[in-house]
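**Q** how would this look folded up:
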Amino acid sequence: MQSADRQWFDEAYYQRFYFDKKTSVVDPAHAARLGAFVCSYLQYVRVPVQRVLDVGCGIGLWRDAIAQHFPQASYHGVEYSDYLCQRYGWERGSVVDYAPADGQPFDLVICQGVLPYLSPADLKLALANLARLSRGALYVEAVAREDYERDIIDDELTDPRLYRHRAELYRRGLAQGFTELGGGVWLSQRADVPLFALEAVQN
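**A** Numbers count the residues shown, from 1 in each chain. Below is the predicted model of the structure:
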């Protein structure tokens, strides 16, 4: 089984899932609420955010939220799609093996809607790489097999080529480098941030 081919993510893909209002998975109001939640939660638990990596950044929906909630932070977008890199100027890279040129980890890493495109082998590599990339926090959004089984996926707005990995596969991989806080937010085990017992999800 192979991960998604880079050629999938061409202009037609983004026209369907992002730019055409009839088939777009993008809801600006949802994106704003999500950004406010994640950034506010990190401010609450006192994760200092100066460097942000958005890996699989798409059209850059997180950039405005970061600018609003962490105006002092730098935002760096990394994309697998040649089309988006040419259109928006993102750095070309994959969550599987991306490493910043300066070798420095980030305070916040965002990985939204990327991981289900990876084969099981590449997913394992990507989850380990996310731990290397983050020294503070991680936000992950990925549909899991259980979401399909519970019939909460809109098939009309969901790419049928996604892998249906179990949620446990994601959690097991992320638990090697992070503590789960809930809501898709994870705290790096390298972060010097004390948590109350009930703030962390116990596996």
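**Q** and the gap between Pro71 and Gly113?
**A** Noted for Pro71: a distance of 25 Å to Gly113, by Cβ to Cβ, to the nearest Å. Just so you know, the C-beta spots here come from the backbone N, C-alpha and C atoms, and that holds for glycine as well.
**Q** same thing with Ser40?
**A** Taking Cβ to Cβ, one finds Ser40 at 21 Å from Gly113.
**Q** mind checking which of the two has more residues around it?
**A** Here Ser40 and Gly113 are compared on neighbour count by other Cβ atoms under 10 Å; more neighbours surround Gly113, at 16 against 10.
**Q** can you name the residues that contact the nearest residue to that one once chain neighbours are set aside?
**A** Using Cβ to Cβ, 6 or more residues apart in numbering and skipping residues adjacent in sequence, the residue nearest Gly113 is Glu141, 5.9 Å away. Shown in contact with Glu141 (Cβ atoms under 8 Å, 6 or more residues apart in numbering): Cys111, Gln112, Gly113, Gly184.
**Q** closest one of those residues to Phe17?
**A** Gly113 (9.3 Å; Cβ to Cβ).
**Q** and that closest one, what does it touch?
**A** Gly56, Gly58, Glu141, Ala142.
**Q** please convert these to JSON lines, extending it with distance to Cys85 and pLDDT.
**A** Rendered in JSON lines, the data for the contacts of Gly113 read as follows (distance: Cβ to Cβ, whole Å; pLDDT from 0 to 100):
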{"residue": "Gly56", "distance to Cys85": "12", "pLDDT": "95"}
{"residue": "Gly58", "distance to Cys85": "11", "pLDDT": "92"}
{"residue": "Glu141", "distance to Cys85": "21", "pLDDT": "96"}
{"residue": "Ala142", "distance to Cys85": "22", "pLDDT": "96"}
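**Q** now do stretch 151-171: distance from first to last residue.
**A** Terminal residues of stretch 151-171 are spaced 21 Å apart (Cα to Cα, to the nearest Å).
**Q** tell me the buried residues in that stretch?
**A** Of the residues in stretch 151-171, Asp159, Leu162, Tyr163, His165, Leu169, Tyr170, Arg171 count as buried by neighbour count, 16 or more other Cβ atoms under 10 Å.
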